[in-house]
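Colleague: sequence and predicted structure are below.
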Amino acid sequence: MPRKIVVGYDGSDTSRRALDFAVGIAKTNDDQIILAHVLEWSPYSFLTPDEIEERHQRRQDELERAEAVVIAPVAEQTRTTGLTVSTVLRYGHIAETLCEIAKEQGADLIFIGRMGHSGLSARIFGSVAGTLAQVAPVPVTIVP
């Protein structure tokens, strides 16, 4: 029975390896790939209404840029494997948001690279991989 596999993708080499590994696994069962890109965003409660509107517009611009530059090209390339591929872009804490996406999509697995673009902050605040391994609602495969 085909599964849904969420792949955390940020454009890094490790996220590409995670995607390639997930595709290899997915091809054996005709699984579906859900490419998930999460942009971290810290909300501020002390902003004026004008500043909130400006941040909202920047957020929309960043989501559109991420879709066009990071996700759409790799999704199209992945579709050439014959697999069904969908994309999800969100703002939020990366590990928590990937868990939310997995639940919403009815995913069976999550694949991520060991370290993405947030390497330094991960060493200071804890890694996405480590957090997912502890709190994910489905099995997580961490690809080196």
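Modeller: Yep, that arrived. Numbering: from 1, shown residues only.
Colleague: need the pLDDT of Q60.
Modeller: On pLDDT, Q60 comes in at 84.
Colleague: next helix or strand past the helix or strand bottoming out on mean pLDDT in the chain?
Modeller: Within the chain, no helix or strand scores below helix 119-125, which has a mean of 47 by mean pLDDT, DSSP states H and E. Going down the chain from helix 119-125, the next helix or strand is helix 128-135, by DSSP states H and E.
Colleague: list the buried residues of that next one.
Modeller: V128, A129, T131, L132, A133 (16 or more other CB atoms under 10 Å). C-betas here are computed from N, CA, C, even on glycine.
Colleague: so what touches it?
Modeller: Contact with helix 128-135 is made by 8, 94-96, 98-99, 110, 112-116, 118, 122, 140, 142, as judged by CB atoms under 8 Å, 6 or more residues apart in numbering.
Colleague: now with 6 Å, please.
Modeller: Under the contact criterion CB atoms under 6 Å, 6 or more residues apart in numbering, helix 128-135 has outside partners I94, A95, I112, R114, V140, I142.
Colleague: least confident of these?
Modeller: The model is least sure about R114 among the contacts of helix 128-135, giving it 81.
Colleague: report how many residues lie close to it.
Modeller: Counted with other CB atoms under 10 Å, the neighbours of R114 add up to 17.
Colleague: where's it relative to P49, distance?
Modeller: 42 Å (CB to CB, to the nearest Å).
Colleague: for G82, same thing?
Modeller: In terms of CB to CB, G82 sits 49 Å off from P49.
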